[in-house]
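A.B. asks: Attaching a predicted model along with its sequence, questions to come.
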Amino acid sequence: MSCCSCTLSVSPPPSLRTSNHHLFNTTSEAKKLNPSAPIKHLNQNRNKWEIISRRSLIVASGASIMASSSSLAPQPVQGIERLEYKAEGYNFWTWRGHKIHYVVQGEGFPILLIHGFGASAFHWRYNIPELAKKYKVYAIDLIGFGWSEKALIDYDAMVWKDQVVDFLKEIVIEPAVLVGNSLGGFTALISAVGLCDQVAGVVLLNNAGQFGNPNRKSEVAEETVLQKNILNPLKEIFQRVVLGFLFWQAKQPARIKSVLNSVYVNNSNVDDYLVESITMPAADPNAGEVYYRLMTRFMTNQSKYTLDSVLSKLSIPLLLVWGDLDPWVGPAKANQIKAFYPNTTVVNLQAGHCPHDEVPELVNKALLDWLPTVALESSPQAL
């Protein structure tokens, strides 16, 4: 899906190069947080090490919907209700023996919000209360992120897919619409495949994932004794040293804010609340190991999951709400998805990688304009 990597010479695979990474950081006490920060300009002059370091964080990043696309200009958030920040989290569900955090508000047709790499349910802070006025809104923390358990497992896109599928079956139960940003968008797509009775539609906000390269040949090199006994252990040691440093750097609030500022065009919402919601998960003693596993195992094993292979199995309506000014995932991908999967509506926004938090009023409007037709088609009594 789209997560960027930062490693030794572990460079992110193409399928993940566009994703987010706000990763964890420590803070001893959660406090009531005030959302205000001056608007700053993007700083495009990043050197190589800044790019590697920033991408190892995740930032996770009135619309009139037309048949193919519309363009909306951003304005500062004014008068939009915000989800209360709770250091202890909201609700917890046990999945495969692991504690999973989620938020639920409202009544009516269900919507499931899925955050990007390194973020949490709190990244939907301006969307949950507004959408909950008409729908039943769930926001889940993927395992390894946010307030969910930092499980020491082998991370793979299929793990998050299984988690979302089981959450739909055990908690949501009714047909729902999946909404995802970055990694969460790709997770929403792969979760929807084969669940036509459970998923009525999918909304992607600057989602991760890449289209496959038909000319690429799969090569499986035989591992030599030298590689297995000497080179691989040395490589792991080097990775752990480099990633340990990058994780420490990624935890610093100033670094997190810098990354966020680089992917929010209007960064007035890059505030203490947002930074705190990203730094809190690092207090978990397993956070560093989870970071290592994500960077070395999940990030380097994504070529088998491509957008075209997933979209070719889909048969439900798709909405793209796209931040065209995203420095990581530009509008070309939205156009490519639309061309490959015609049952797609596109709303273009003048925003960055996380439009749902940068221009939430526009994203909420786009969703509220599109959702009724999908909900009505899936369940006429839902509206």
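C.D. replies: Yes, it's here. Residues are numbered from 1 along each chain as shown.

A.B. asks: What are the boundaries of the helices in the protein?
C.D. replies: Along the chain, counting by DSSP state H, helices occupy 48-55, 128-131, 157-167, 183-192, 225-226, 232-250, 253-263, 272-279, 287-293, 307-311, 331-340, 355-358, 360-378.

A.B. asks: out of the ones you listed, which comes closest to residue 87?
C.D. replies: In terms of Cβ to Cβ, the element of the helices of the chain nearest to residue 87 is helix 272-279, at 8.4 Å. Any C-beta I mention is one placed from the backbone N, CA and C, and that applies to glycine too.

A.B. asks: So residue 314 sits against residue 342, correct?
C.D. replies: No: taking contacts as Cβ atoms under 8 Å, residue 314 lies outside contact range of residue 342: 11.3 Å.

A.B. asks: More neighbours: the two, which one.
C.D. replies: residue 314 (19 against 8; other Cβ atoms under 10 Å).

A.B. asks: picking up where we left off before, could you dump the helices of the chain into JSON lines and include mean neighbour count, distance to residue 107 and mean pLDDT?
C.D. replies: Listed next are the helices of the chain as JSON lines, based on neighbours: other Cβ atoms under 10 Å; distance: least, Cβ to Cβ, whole Å; pLDDT from 0 to 100:
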{"stretch": "helix 48-55", "mean neighbour count": "18", "distance to residue 107": "39", "mean pLDDT": "35"}
{"stretch": "helix 128-131", "mean neighbour count": "22", "distance to residue 107": "12", "mean pLDDT": "98"}
{"stretch": "helix 157-167", "mean neighbour count": "20", "distance to residue 107": "18", "mean pLDDT": "96"}
{"stretch": "helix 183-192", "mean neighbour count": "29", "distance to residue 107": "22", "mean pLDDT": "96"}
{"stretch": "helix 225-226", "mean neighbour count": "8", "distance to residue 107": "62", "mean pLDDT": "54"}
{"stretch": "helix 232-250", "mean neighbour count": "16", "distance to residue 107": "39", "mean pLDDT": "59"}
{"stretch": "helix 253-263", "mean neighbour count": "22", "distance to residue 107": "33", "mean pLDDT": "89"}
{"stretch": "helix 272-279", "mean neighbour count": "23", "distance to residue 107": "26", "mean pLDDT": "94"}
{"stretch": "helix 287-293", "mean neighbour count": "20", "distance to residue 107": "35", "mean pLDDT": "85"}
{"stretch": "helix 307-311", "mean neighbour count": "18", "distance to residue 107": "31", "mean pLDDT": "95"}
{"stretch": "helix 331-340", "mean neighbour count": "16", "distance to residue 107": "32", "mean pLDDT": "97"}
{"stretch": "helix 355-358", "mean neighbour count": "29", "distance to residue 107": "22", "mean pLDDT": "98"}
{"stretch": "helix 360-378", "mean neighbour count": "21", "distance to residue 107": "13", "mean pLDDT": "92"}
